[in-house]
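A.B. asks: Fold the following, please.
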Amino acid sequence: MDAGAAAARAAQLRAQIAHHDRLYYELDAPEIPDAEYDRLFRELQALEQDHPGLRTPDSPTQRVGGKPLDSFAPVRHVVPMLSIRTETDTEATGALTFDARVRRELALAEDAPPVEYAAELKFDGLAINLRYERGVLVQAATRGDGETGEDVTQNVRTIHEVPLTLVPQPPSGQPSLFDAPGVPEVLEVRGEVYMRRDRFEAFNLRAEAAGEKTLVNPRNAAAGSIRQLDPAMAARRPLSFFAYGLGEVHGWELPATHAGVLDALAAFGLPVCEHRAICAGADALAAFHARIAQTRPTRPFDIDGVVYKVNSLALQQKLGFVTREPRWAMAHKYPAQEALTTVQDIEVQVGRTGKLTPVARLASVFVGGVNVTNATLHNEYEVRRKDVHVGDTVVVRRAGDVIPEVVSVLADRRPPDAREFSMPSHCPVCGSDVVREEGEADHRCTGGLYCSAQRKQALLHFAGRRAMDVEGLGDKLVEQLVDGGLIRSLPDLYRLGVLKLSELERMADKSAENLVAALEKSKQTTLGRFLFALGIRHVGEATAKDLARHLGSMDRIMGASVAELAQVPDVGPVVAESIHRFFAQPHNREVVEQLRACGIVWEEGEMRVASGPLVGKTVVITGTLPTLSRDEAKDMLEAAGARVAGSVSKKTDFVVAGTDAGSKLIKAQELGITILDESQMLSMLSPRES
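C.D. replies: This is a model prediction of the structure:
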């Protein structure tokens with residue numbers, strides 16, 4: 001077969017295979033037997049092998065390709081993948097509350113027509129962003145933290161319901177949705193990867209028969225499959241996909257409504273869930289919520305609620321966002337799944353920040369798709385409020401990925417030998433004193449620098465940019481150092497050598513040398529930075545600087561009484577007590593002395609009190625300053641006795657504004673707060689001429 005004929009046949013085969021993939025994976029209505037599909041697939045493979053130039057990235061043969069990855073590369077989302085507000089009120093009032101909020105934000109009169117909403121299902125899977133360029137899938141990324149996700153393109157390509165190429169085809173019998181042929185230059189599609197229940201069960205049956213590990217539940221199966229480093233392994237998992245929104249878009253005039261967007265995505269060949277509706281007003285939303293609830297158990301995939309979105313894209317833009325959540329959307333959850341079991345014991349776990357959490361050890365019970373053997377009791381107050389005893393029969397709830405919790409106790413089933421719980425007075429990990437501050441529900445271990453349960457968190461905080469600023473000491477390396485037993489306390493950091501470090505996995509000699517150099521550089525610091533690095537509860541950057549500025553030396557701070565500490569500006573009785581309690585622990589003082597012995601030094605001075613027009617004033621910095629970075633400006637203001645806040649309020653005294661200042665500047669103007677530019681701030685910081 002010559003090159004021209006091979007190209008024509010390959011294009012024909014790709015179109016046929018794409019057609020049959022859609023019938024099989026999306027519509028569940030195959031036209032041909034598996035053997036015929038396999039014959040077409042093998043013919044395409046042979047053509048591409050004989051003519052390598054025909055092997056295109058969007059070919060069906062490339063759904064599983066590439067070697068296993070060492071890790072996932074980060075992907076910065078041009079349009080952040082934001083979360084939406086969740087309403088846990090499972091009754092109709094959730095819809096009423098959302099509609100009332102939208103109408104209030106839009107300033108609609110009581111007699112105005114109802115707002116039109118798009119109502120959809122809330123899938124229980126993994127959020128994914130698909131990026132198509134000129135109609136070809138070029139990248140797939142997880143949500144991550146909303147700003148940065150992970151590149152999982154190779155794994156997502158294995159999902160047959162995700163088209164590798166977009167082809168605008170209007171539904172049969174309907175006019176085209178597009179004024180011009182072709183697809184957008186850039187189209188980012190947001191959606192959910194999930195696993196159908198029947199495919200989940202079939203996979204587990206096959207795995208069990210083969211003596212392989214089974215999957216826990218459909219949601220975890222979807223998330224775990226997408227994050228497999230070997231795409232061949234991911235390809236074995238029968239995943240599905242639904243599109244429900246957009247990210248970055250170029251070269252396409254958007255429809256006027258969200259429902260129109262979904263119709264357009266479906267016309268591009270993307271799978272969109274058919275169980276959606278346009279609802280006018282709150283009552284229609286509540287009816288949709290109730291209607292879906294009735295059919296929830298019989299659906300082929302798991303959902304944990306429904307989602308309401310204002311249908312008009314223009315109104316969505318007008319409503320905007322609040323605290324990184326869209327005002328125009330809400331997730332309305334269904335009741336969590338619950339089950340009965342017994343409490344076999346109550347143990348105490350110490351978290352990374354020293355918080356003590358009572359955990360109920362339960363007789364194993366299947367709830368929310370998994371076998372549950374532990375449930376959080378949150379704190380001693382919750383144990384008392386719910387009256388949980390060891391031996392009790394309890395109701396356990398699990399919803400999605402939320403940690404299971406004990407909801408209530410069946411007191412009439414309490415056995416005679418049931419045992420009450422009491423919080424220990426000493427940390428079960430390190431033996432340090434356990435305290436509960438006035439007004440707080442949580443108990444905490446006071447051995448922050450000493451307690452092994454807090455070791456990783458203490459190291460990461462200590463090495464942070466605003467603390468000791470040890471470049472190159474991140475989460476993964478800290479895990480290696482602690483788990484490998486190389487670091488048992490903070491001073492061990494400064495005893496690491498290039499030889500020890502270079503023996504770690506993925507740590508080359510040059511990286512080891514750079515870390516040792518960064519540790520050496522960090523030894524020259526300030527008293528404020530060092531105090532902040534110690535991780536004393538309630539002592540943030542500003543408080544640490546205040547202590548250093550007003551008490552002058554480490555020894556004076558460590559030896560200060562609660563009353564003396566409370567004399568420092570903005571250090572109240574709770575903070576003073578926390579600092580005093582920290583240094584009253586002998587092991588914390590020992591860590592400080594060992595760090596000094598390792599060569600950490602700072603300039604100390606006599607007690608002094610800042611003076612000038614900014615002492616005690618609250619200042620907010622916004623925008624880009626002409627010559628100073630934000631950190632430089634903050635340091636200068638704090639050195640002059642000011643407190644630098646992150647948001648504007650009635651208590652703000654000054655706002656320092658640069659270019660591109662946004663909502664903070666607007667709010668300051670509305671409140672009548674004095675606005676300074678950089679030069680005016682510097683003149684207030686400079687000593688006045690007599």
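
A.B. asks: any chance you could map the helices in the stretch 1-150 of the chain?
C.D. replies: 3-21, 34-50, 93-105 (DSSP state H, counting those that start in this stretch).

A.B. asks: so Q317 sits in a strand?
C.D. replies: No. Counting by DSSP: H, G, I helix; E, B strand; the rest coil, Q317 is located in no strand; its state is helix.

A.B. asks: Next, the contact list for E513, please.
C.D. replies: The neighbours of E513, taking Cβ atoms under 8 Å, 6 or more residues apart in numbering as the test, are V498. From N, CA and C alone the C-beta is placed, and that goes for glycine too.

A.B. asks: and if we set it to 10 Å?
C.D. replies: 498, 501-502 (Cβ atoms under 10 Å, 6 or more residues apart in numbering).

A.B. asks: which stretch of helix or strand covers it?
C.D. replies: helix 509-522 (DSSP states H and E).

A.B. asks: The closest residue to P326 other than its chain neighbours - how many residues pack around it?
C.D. replies: Leaving aside its sequence neighbours, P326 sits nearest to I84 (Cβ to Cβ, 6 or more residues apart in numbering; 6.1 Å). I84 has 16 neighbours, counted by other Cβ atoms under 10 Å.

A.B. asks: My understanding was that I84 contacts V306; is that so?
C.D. replies: No. Judged on Cβ atoms under 10 Å, I84 makes no contact with V306 at a distance of 11.8 Å.

A.B. asks: Among the helices of the stretch 1-150 of the chain, which one carries the weakest average confidence?
C.D. replies: Mean pLDDT across these is lowest at helix 34-50; the value there is a mean of 81.

A.B. asks: Could you name the helices and strands sitting against that one?
C.D. replies: Other helices and strands packing on helix 34-50, by 3 or more Cβ pairs under 10 Å, 6 or more residues apart in numbering; DSSP states H and E, are helix 3-21.

A.B. asks: For the helix it packs on, buried residues please.
C.D. replies: 6, 9-10, 13-14, 16-18, 20-21 (16 or more other Cβ atoms under 10 Å).

A.B. asks: Kindly report the same for stretch 495-513.
C.D. replies: Using 16+ other Cβ under 10 Å as the test for burial, stretch 495-513 gives 496, 498, 501, 504, 507, 511-512.

A.B. asks: Export those to JSON lines and append columns for pLDDT.
C.D. replies: Shown next, in JSON lines, are the buried residues of stretch 495-513 (pLDDT from 0 to 100):
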{"residue": "L496", "pLDDT": "89"}
{"residue": "V498", "pLDDT": "88"}
{"residue": "L501", "pLDDT": "87"}
{"residue": "L504", "pLDDT": "85"}
{"residue": "M507", "pLDDT": "83"}
{"residue": "S511", "pLDDT": "87"}
{"residue": "A512", "pLDDT": "89"}
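
A.B. asks: Secondary structure and distance to L665 for those residues - can I get that in TSV?
C.D. replies: Output for the buried residues of stretch 495-513, formatted as TSV (DSSP: H, G, I helix; E, B strand; the rest coil; distance: Cβ to Cβ, whole Å):
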residue	secondary structure	distance to L665
L496	coil	46
V498	helix	49
L501	helix	47
L504	coil	47
M507	coil	46
S511	helix	43
A512	helix	46
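
A.B. asks: These: which two are farthest apart?
C.D. replies: L496 and S511 (12.4 Å; Cβ to Cβ).

A.B. asks: Centre of the chain to the helix holding E513, how far?
C.D. replies: 30 Å (Cα atoms, centre = their mean, to the nearest Å).

A.B. asks: And for stretch 482-494?
C.D. replies: That offset, for stretch 482-494, works out to 28 Å (Cα atoms, centre = their mean).

A.B. asks: tell me which residues in it are buried?
C.D. replies: 482, 486-487, 489-494.

A.B. asks: Would you mind checking which of the residues you listed is nearest to E438?
C.D. replies: Nearest to E438 among the buried residues of stretch 482-494, with distances taken as Cβ to Cβ, is L490, at 29.2 Å.

A.B. asks: ok, now how distant is the closest one from L246?
C.D. replies: For L490, the distance to L246 equals 47 Å [Cβ to Cβ, to the nearest Å].

A.B. asks: same check, this time on L82
C.D. replies: Going from L82 to L246 by Cβ to Cβ gives 13 Å.

A.B. asks: More neighbours: those two, which one.
C.D. replies: L246 (21 against 15).

A.B. asks: So the residue nearest to L459 when sequence neighbours are not counted versus E590, what's the distance?
C.D. replies: The shortest distance from L459 to any non-neighbouring residue, by Cβ to Cβ, 6+ apart, is to V478 (5.0 Å). Relative to E590, V478 is positioned 22 Å away (Cβ to Cβ).

A.B. asks: my guess is L519 contacts L477, does it?
C.D. replies: No. Counting by Cβ under 10 Å, L477 is not a contact partner of L519; they are 12.0 Å apart.

A.B. asks: Identify the contacts common to these two.
C.D. replies: What both L519 and L477 touch, as defined by Cβ under 10 Å, 6+ apart, is the set A463.

A.B. asks: what about the two, which has more around it?
C.D. replies: More neighbours surround L519 than the other of L519 and L477, with 22 against 19 (other Cβ under 10 Å).

A.B. asks: K476 and L493: what is the separation?
C.D. replies: 16 Å.

A.B. asks: where exactly do the helices run in the stretch 501-650 of the chain?
C.D. replies: 509-522, 527-533, 541-551, 554-559, 562-565, 573-584, 586-597, 630-639.

A.B. asks: show me where pLDDT drops low in the stretch 251-400 of the chain?
C.D. replies: 323, 336, 368-369, 399-400 (pLDDT under 70).

A.B. asks: Could you rerun that using 80?
C.D. replies: Across the stretch 251-400 of the chain, the ranges flagged by pLDDT under 80 are 297, 322-324, 335-338, 352-353, 367-370, 398-400.

A.B. asks: quick one, helices of it?
C.D. replies: Going by DSSP H, counting those that start in this stretch, the stretch 251-400 of the chain shows helices at 258-267, 282-295, 313-319, 380-386.

A.B. asks: can you state the direction angle for the second one and helix 93-105?
C.D. replies: The one in question is helix 282-295. Helix 282-295 and helix 93-105 are oriented at 150 degrees to each other (axes from the mean of the first three to the mean of the last three Cα atoms, to 10 degrees).

A.B. asks: Is A222 within a helix or a strand, and which one?
C.D. replies: Counting by DSSP H and E, A222 is part of helix 218-226.

A.B. asks: And the next helix or strand past that helix?
C.D. replies: helix 231-235.

A.B. asks: Could you tell me which residues touch both of L496 and S511?
C.D. replies: Common neighbours of L496 and S511 (Cβ under 10 Å, 6+ apart) are L504.

A.B. asks: ok, back up a step: can I take it that the residue nearest to L459 is in a helix?
C.D. replies: Yes. V478 sits within a helix when classified using three-state DSSP.

A.B. asks: That one against L496, yeah?
C.D. replies: No. Using Cβ under 10 Å, V478 makes no contact with L496, being 11.9 Å away.

A.B. asks: And the least confident helix or strand in the chain by mean pLDDT, what's buried?
C.D. replies: The weakest-scoring helix or strand in the chain, judged by mean pLDDT, DSSP states H and E, is helix 231-235 (a mean of 77). Residues 231, 234-235 are the ones in helix 231-235 that count as buried (16+ other Cβ under 10 Å).

A.B. asks: so what secondary structure elements neighbour the following helix or strand past that helix?
C.D. replies: Following helix 231-235 in sequence order, the next helix or strand is strand 240-250 (DSSP H and E). Contacts defined by 3+ Cβ pairs under 10 Å, 6+ apart place strand 240-250 against strand 116-123, strand 126-133, strand 186-194, helix 218-226, helix 258-267, strand 303-310.
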